[in-house]
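Novice: Return atomic coordinates for the entry below.
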Amino acid sequence: MTVMRITKHGEKVLKIVSSPIDYAKIKPNLPKLLKDMWKTMYAVNGVGLAAPQIGLNIRLCIIDVKPEGKSQKLVLINPEIIEQSGRLEEEEGCLSVPGVYAKVKRFSHARVRALNAEGKSFEMSGEGLLARAFQHEVDHLDGKLFIDHLDFANKLKVLSLIKDLKKDWN
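Specialist: Residues are numbered from 1 along each chain as shown. Alright, predicted model coming up:
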């Protein structure tokens, strides 16, 4: 297993809509890719990681919000959010924008449909942090970062902070 480099704000791959995955084509390489993604995400204490964050323009993400302190590894291939409701505004960060946090408005409930690591279709609902993780990771697959949800004034503040922090990113 390899810890992969995480792409950072300003890199093109983070702003591109990711391509759908043909499960049959990716299946032979998927176990190693997923092991590397899990190792990378856990190495930086993340709760989610999308393929664009490791430089891949494909619709794949992983999530583990550790409900009740127990690992619950979710693999989402070609995920789509099919239902959203409620409102939530909480501080959010991103592995691709290290050191930056801001209050982001999201839905408090989200239902997602995707393929799992075995290529089986499933649906799952999430509340709170899991709902936010679904939205955050699908945003990555749609070429969006959490800062794209900020109002103009807050986005300017965050972009100024990013400019200062970028020199320390590797």
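Novice: I'd like to know which elements the longest strand seen in the chain is packed against.
Specialist: The longest strand of the chain (DSSP state E) is strand 74-85. Using 3 or more CB pairs under 8 Å, 6 or more residues apart in numbering; DSSP states H and E, the elements in contact with strand 74-85 are strand 60-63, strand 109-115, strand 121-127, helix 128-141. C-beta here means a position set from N, CA and C on the backbone, and glycine is covered the same way.
Novice: buried residues in the very next helix or strand once past that strand?
Specialist: Later in the chain than strand 74-85, the nearest helix or strand by DSSP states H and E is strand 88-92. Buried residues in strand 88-92, defined by neighbour count with 16 or more other CB atoms under 10 Å: 88, 92.
Novice: try stretch 37-45
Specialist: Buried residues in stretch 37-45 (16+ other CB under 10 Å): 37, 38, 40, 41.
Novice: Contacts made by the host helix or strand of the first one with the rest, please.
Specialist: Under the criterion of DSSP H and E, residue 37 resides in helix 30-43. The contact list for helix 30-43 (CB atoms under 8 Å, 6 or more residues apart in numbering) reads 1-4, 6, 26, 47-49, 51, 54, 60, 62, 64, 73, 75, 95, 117.
Novice: Mind doing that once more with 6 Å?
Specialist: Under the criterion CB atoms under 6 Å, 6 or more residues apart in numbering, residues 1, 2, 3, 4, 49, 62 lie in contact with helix 30-43.
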